[in-house]
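>>> model this:
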Amino acid sequence: MPRGRPKKKATGNGNGANLGFEAKLWAAADKLRGHMDAAEYKNVVLGLIFLKYVSDTFKEHHDLLKKEPYADPEDRDEYEAKNIFWVPRKARWSEIQAQAKFPEIGTLIDNAMDAIEKENSSLRGVLPKDFGRASLDKRRLGELVDLVGTIGLGDQESKSKDILGRVYEYFLGRFAAAEGKRGGEFYTPQSVVRVLVEMIEPYGGRVYDPCCGSGGMFVQSEKFVTAHGGSLRDLSVYGQESNPTTWKLCRMNLAIRGIEGNLGSNQADTFLNDLHPDIRADFILANPPFNMKEWGGELLKEDVRWRKFGAPPAGNANFAWVEHIIHHLSPKGVAGFVLANGSMSSNQSGEGEIRRRIVEANFVDCMVALPGQLFYTTQIPACLWFLAKDKGNGKFRDRRGEVLFIDARKLGNLVDRVHRELTDEEVAQISNTYHTWRGEPDAGDYEDVPGFCKSAVLEEIENQGYVLTPGRYVGAEEIEDDSEPFEEKMERLTKDLEAQFAEGERLEAEIREKLRVLRLW
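Okay, the predicted model is just below:
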């Protein structure tokens, strides 16, 4: 197993299971939801949080300018120079909250959102503007405005504590849980994202997500870079999302964190309308829909993306995603993405042949089997694929002809009855194993750990029919031998059991006697 250096701690603020004010805020906001559908309410709450953030950021700089003798706090150039969104007077939070109890509060918020979009071209067509609809309870909306007004989001102190990031991320997760299957369209559980990011270490370069959801991969990449002393300027973000509402959600998520990303001018289907056909990314992170049946495969049989490994089956997009990702990797690029477990072993419709070709091309670097119950969308078991376009590029040791298998199915803690999360220590355990195996400087020596990890050569994979399921390779976990002969152990355990039977009979007799005395028996 990995030895020789202290284990790196995973970056981030934990998994969101044991937070304080975020949970209280969610409880209060959820109470105001009433009978509104979670998918609908999500846009209401996150839209207000965004409005409060840009207003807080604007107000702090506005107050600063008022103290300067020759500055004009109403000069928009003063804000653009600091990369701060210009907020028109009617869109400022103080104006909104002062009218929270008015029946026309919904229309006032819509007008505020519209005004901000008109004044800031990067937000055009992004913000939600349906707060005035008749079906939205205006009394509850006003109470929600008052609740959001209690949180400091955009001032410097709040930014230093990442208040906005924590609230936004926590709410995204809770909405995903509330929406169930639909929640996975915009949210990948944080602990899974952190494994992906910690494994491939996007210190700088082009980061691409072909199905970016609400942008969680980009946010965690930014956290990774800053945690290691880097800058946002070190990353160039490219993404694509087919769902129009989720595309807007991602644009807002990146905007509130100051991440400039190229998500295209609109939402679009990645297979049928690739918005970044020429991108060759240094890092690709993705959580594509599992086993997608209707993806347009019949229309794309001769697509350039399949030329190297063959056309994926029209009835399942799993390998269409794999080949799309490989196509968009730079010559030394690396990728980490989530797929259904079936992608590791299926031989249907030519999938096994495609997988064989990818393995023989030396692109597969590591496979990780995940524990169940990590995802809000599905109970289908999932795995992580890690690809490297050039495993002998000199950055790490030459790993051509080898694949690392990690079986993490026994990891994770239940955070509620149906959902599991990986802990910080488990994220570090998985990523450190990979980093040690691929020979990072000062990483120490790698060793196979029965039941957890195994470095396999291509011959072993060929003998397994190019099935990439880690359980086929890691073997059984070693059980410590207590050296007690079986006959002696059986005799000792039998005596212990007889003694427990006798003690049980004694206690039963004692209880019966006490009940008899009490005339209850």
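>>> buried set for stretch 73-83?
For stretch 73-83, burial by neighbour count (16 or more other CB atoms under 10 Å) applies to 73, 78-79. Using the backbone N, CA and C atoms, a C-beta is placed for each residue, glycine as well.
>>> my guess is Phe309 meets Ala320, correct?
No. Using CB atoms under 8 Å, Phe309 is not in contact with Ala320; the gap is 10.7 Å.
>>> compare the two (neighbour count), which wins?
Higher neighbour count among Phe309 and Ala320: Ala320, with 25 against 22, using other CB atoms under 10 Å.
>>> please enumerate the helices of the stretch 1-150 of the chain.
21-31, 38-66, 76-80, 93-98, 105-119, 138-148 (DSSP state H, counting those that start in this stretch).
>>> let me redo that: the stretch 151-300 of the chain
Using DSSP H, counting those that start in this stretch, helices in the stretch 151-300 of the chain cover 156-160, 163-179, 190-200, 216-227, 244-255.
>>> repeat that for the stretch 301-450 of the chain.
Remark: helices assigned in the stretch 301-450 of the chain by DSSP H, counting those that start in this stretch are 318-327, 351-360, 424-437.
>>> could I get the ones you listed as a markdown table with distance to Glu143?
Shown next, in a markdown table, are the helices of the stretch 301-450 of the chain (distance: least, CB to CB, whole Å):
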| stretch | distance to Glu143 |
| --- | --- |
| helix 318-327 | 43 |
| helix 351-360 | 52 |
| helix 424-437 | 36 |
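>>> that older thread, nearest to Pro288, out of the helices of the stretch 1-150 of the chain?
Closest to Pro288 of those, according to CB to CB: helix 38-66, at 20.7 Å.
>>> which strands or helices does that closest one pack on?
The contact analysis (3 or more CB pairs under 8 Å, 6 or more residues apart in numbering; DSSP states H and E) places helix 38-66 against helix 76-80, helix 93-98, helix 105-119, helix 138-148, helix 163-179, helix 244-255.
>>> swap in 10 Å and give it another go.
Judged by 3 or more CB pairs under 10 Å, 6 or more residues apart in numbering; DSSP states H and E, helix 38-66 is in contact with helix 21-31, helix 76-80, helix 93-98, helix 105-119, helix 138-148, helix 156-160, helix 163-179, helix 244-255.
>>> if we ignore the residues flanking it in sequence, what's nearest Leu422?
Counting by CB to CB, 6 or more residues apart in numbering, the nearest residue to Leu422 once its immediate chain neighbours are dropped is Ser191, at 4.0 Å.
>>> what's around the one you found, how many residues?
Counted with other CB under 10 Å, Ser191 comes out at 26.
>>> do the one 5 residues further on as well
Using other CB under 10 Å as the criterion, Leu196 is surrounded by 29 other residues.
>>> that one touches Leu339, doesn't it?
No. Using CB atoms under 10 Å as the test, Leu196 is too far from Leu339 to be in contact (12.0 Å).
>>> what do those two both touch?
Counting by CB atoms under 10 Å, 6 or more residues apart in numbering, the residues touching both Leu196 and Leu339 are 286-287, 384-385.
>>> which residues sit in contact with the nearest residue to Ala320 once chain neighbours are set aside?
Take Ala320 and drop its neighbours on the chain: the residue closest to it by CB to CB, 6+ apart is Pro312, 4.2 Å away. Listed by CB under 10 Å, 6+ apart, the contact set of Pro312 reads 271, 295, 297, 300-301, 303, 305-306, 318-324, 349-351, 354.
>>> mind splitting this protein into its structural domains?
Following automatic domain parsing, the chain resolves into domains at 21-180, 181-474, 484-521.
>>> including mean pLDDT, could those domains go into TSV?
Shown next, in TSV, are these (pLDDT from 0 to 100):
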stretch	mean pLDDT
domain 21-180	84
domain 181-474	90
domain 484-521	82
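>>> return the most buried member of those.
Each of these was scored by mean neighbour count; the highest is domain 181-474, a mean of 19, by mean count of other CB atoms under 10 Å.
>>> and that one, how far out from the chain's middle?
Centroid separation for domain 181-474 versus its chain: 11 Å, with CA atoms, centre = their mean, to the nearest Å.
>>> please report how far Phe85 lies from Pro288.
32 Å (CB to CB, to the nearest Å).
>>> revised request: answer the last question for Ala361.
For Ala361, the distance to Pro288 - CB to CB - is 21 Å.
>>> now Cys250
Counting by CB to CB, the gap from Cys250 to Pro288 is 15 Å.
>>> before we move on, what about Ser345?
18 Å.
>>> repeat for Gly451
From Gly451 across to Pro288, the span is 29 Å (CB to CB).
>>> then Trp385?
Note on Trp385: its distance to Pro288, by CB to CB, is 11 Å.
>>> which residues do those two both contact?
Common neighbours of Trp385 and Pro288 (CB under 10 Å, 6+ apart) are 321-322, 325, 337-339.
>>> closest one of the residues you listed to Gly439?
Phe337 (22.8 Å).
>>> that closest one and Phe290 touch, don't they?
No. Phe337 is not in contact with Phe290 according to CB under 10 Å; the separation is 11.6 Å.
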